[in-house]
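Q: need a structure here:
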Amino acid sequence: MKKTVLLNQPLSSAVAGLGHLDTLVIADAGLPIPSATQRIDLAVSQGIPPFLDVLRAVLAEMQVQGAVIASEMASHSPTLHAALLAALGDVPVTAIPHEEFKARTAAARAVVRTGEFTPYANVILIAGVTF
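A: Model prediction:
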């Protein structure tokens, strides 16, 4: 049995399979997921699991060199925006319009759906390398 934080098998497998510059999306319950993109659905009910809890678990195992968020997050969900930036630490974050963000999810290796109901609670994580 795994000893690390990330126990969900499909999510752990998705992270393990990432290469440099591949992307993984952590999403709220409402983000549309392209049909051709792998969906890892963790949502149980409203707020379970929370976006930030899933993000922190993924960050414990994934080398992240950059992140992309919707520019609308800062004004519509400022508390979550601040918490997201704190969780990412020194990872560079790019903000783009939400419509462009949704289009970019089609290129992701997987989208992880949480139970989060906070508007714009979505992030595209860009895989880095550990060497």
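
Q: make it CA atoms for all contacts and neighbour counts henceforth
A: Noted.

Q: contacts only, for the residue positioned nearest the centre of the chain.
A: With distances taken as Cα atoms, centre = their mean, I26 lies nearest the centre of the chain, 2.1 Å away. Applying Cα atoms under 8 Å, 6 or more residues apart in numbering to I26 gives the contacts F51, V54, L55, V111, V112, R113, T114, N122, V123, I124, L125.

Q: apply 10 Å and report the result again.
A: Counting by Cα atoms under 10 Å, 6 or more residues apart in numbering, I26 touches 40, 51-52, 54-55, 58, 110-114, 121-125.

Q: sec struct for it, please.
A: strand (DSSP: H, G, I helix; E, B strand; the rest coil).

Q: separation between it and K3?
A: For I26, the distance to K3 (Cα to Cα, to the nearest Å) stands at 22 Å.

Q: quick revisit: mind checking which of the contacts of I26 are in helices?
A: In helices, defined here by DSSP state H, the members of those are F51, L52, V54, L55, V58.

Q: picking up where we left off before, so which pair among the contacts of I26 is furthest apart in space?
A: L52 and A110 (17.5 Å; Cα to Cα).

Q: so between these two, which is more surrounded?
A: A110 (25 against 18; other Cα atoms under 10 Å).

Q: just the pLDDT for the nearest residue to the more buried one once chain neighbours are set aside.
A: Spatially, and ignoring its direct neighbours in sequence, A110 is nearest to Q38 (4.5 Å; Cα to Cα, 6 or more residues apart in numbering). Q38 is assigned a pLDDT of 97 by the prediction.

Q: alright, calling it a day.
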